[in-house]
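1. Predicted structure and sequence below. I'll ask about it afterward.
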Amino acid sequence: MRRVLVTGGGSGIGRAIARDFADAGDAVTISGRRQDALRETDGGRGMTLRPGDVTSEADVRALFDAPFDVVVANAGSAVVTPLAKTSLADWQTTIDVCLTGVFLTFREALRDMPAGGRLIAMASTSSLQGSANLSAYVAAKHGVLGMVRSLAIEVARREITCNAVCPGFVDTPMADGAVRNVAARYDISVEEATARIVEDNPLKRMIRPDEVVAAVRFLAGAEAGMVNGHALSVSGGEV
């Protein structure tokens, strides 16, 4: 039985990943800011629930009372606004959650991670390309991918891999917020806003959470032992 940690496990992609590992028989720990959301993710599966903030060094350290075999750094947030209108507070919050949170999580994981361990960062297609009105998020996700590629070289001799999963828009509450923002900004319907968001995706739809889960499951498996420093795009060919 593997020990698995999923940060940002209270909703969306993190919830789907955590449930997949738990249903496969792994011992799963999930962290997030809201205890009620973590309980909903667990749904009686017996996960270990650890409320906390990935931007807090003390909170992250408290997650690692024992080594984990798989660590999925999934916690994230985004603000949708032009750079010229982005406040320093919004910029810093995005960097803290999306980039520094991954750094703190991976740094702590590496203290005791055994050989065969898997570090997986939930990046984004925003790690691979730019997007208007998402400069803070794109900057943070580019940083995540740079860290993954560098860390992969550092940990390879320990037989640990470090990879990134890069989804496009995934059908989650976070994407719902983006759709509402677009609808409000352009005074259009939710349906029209959704169509605009997915227009660059060759499949013309959002990604399902289970499609992201499949990528994480692969990278966490023994068969992915020679996949290291990779950005796995889950985007229907958008990237």
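-> Nice, I can see it. Numbers count the residues shown, from 1 in each chain.
2. tell me which helix or strand of the chain sits lowest on mean pLDDT?
-> Using mean pLDDT, DSSP states H and E, helix 173-186 stands out as the lowest-scoring helix or strand of the chain, at a mean of 77.
3. can you dump the C-alpha coordinates of it into CSV?
-> Presented in CSV, the C-alpha positions along helix 173-186 are these (Å, rounded to 0.1, in the frame of the first residue of the first chain):
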residue,chain,number,x,y,z
PRO,A,173,-15.7,24.8,-9.9
MET,A,174,-12.6,26.8,-10.7
ALA,A,175,-13.5,26.7,-14.4
ASP,A,176,-17.0,27.6,-13.5
GLY,A,177,-15.7,30.8,-12.0
ALA,A,178,-13.7,31.6,-15.1
VAL,A,179,-16.8,31.1,-17.3
ARG,A,180,-18.8,33.4,-15.1
ASN,A,181,-16.1,36.0,-15.2
VAL,A,182,-16.0,35.9,-19.0
ALA,A,183,-19.8,36.1,-19.2
ALA,A,184,-19.8,39.1,-16.9
ARG,A,185,-16.9,40.9,-18.7
TYR,A,186,-18.5,40.6,-22.1
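4. can you list contacts of it?
-> The list of residues contacting helix 173-186 from outside it, by CB atoms under 8 Å, 6 or more residues apart in numbering, reads 11-12, 76, 78, 80, 169, 188-190, 192-194, 196-197, 206. Any C-beta I mention is one placed from the backbone N, CA and C, and that applies to glycine too.
5. change it to 10 Å
-> The contact list for helix 173-186 (CB atoms under 10 Å, 6 or more residues apart in numbering) reads 8, 11-13, 15, 76-81, 133-134, 167-169, 171-172, 188-198, 206-207.
6. Narrow these to those in strands?
-> Per DSSP state E, strands hold the following members of the contacts of helix 173-186: Pro167.
7. Filter the contacts of helix 173-186 down to the buried ones.
-> 8, 11-13, 15, 76-81, 133-134, 167-169, 171-172, 193-194, 197-198, 206-207 (16 or more other CB atoms under 10 Å).
8. which residues does the nearest residue in space to Val79 that is not next to it in sequence contact?
-> Closest residue to Val79 apart from its sequence neighbours, by CB to CB, 6 or more residues apart in numbering: Asp90 at 4.5 Å. Neighbouring residues of Asp90 by CB under 10 Å, 6+ apart: Ser77, Ala78, Val79, Val80, Thr81, Ala136.
9. Can you give me the buried ones in the biggest helix by length in the chain?
-> When the chain is parsed with DSSP state H, its longest helix is helix 135-155. Neighbour counts over helix 135-155 (16+ other CB under 10 Å) mark 135-145, 147-149, 151-152, 155 as buried.
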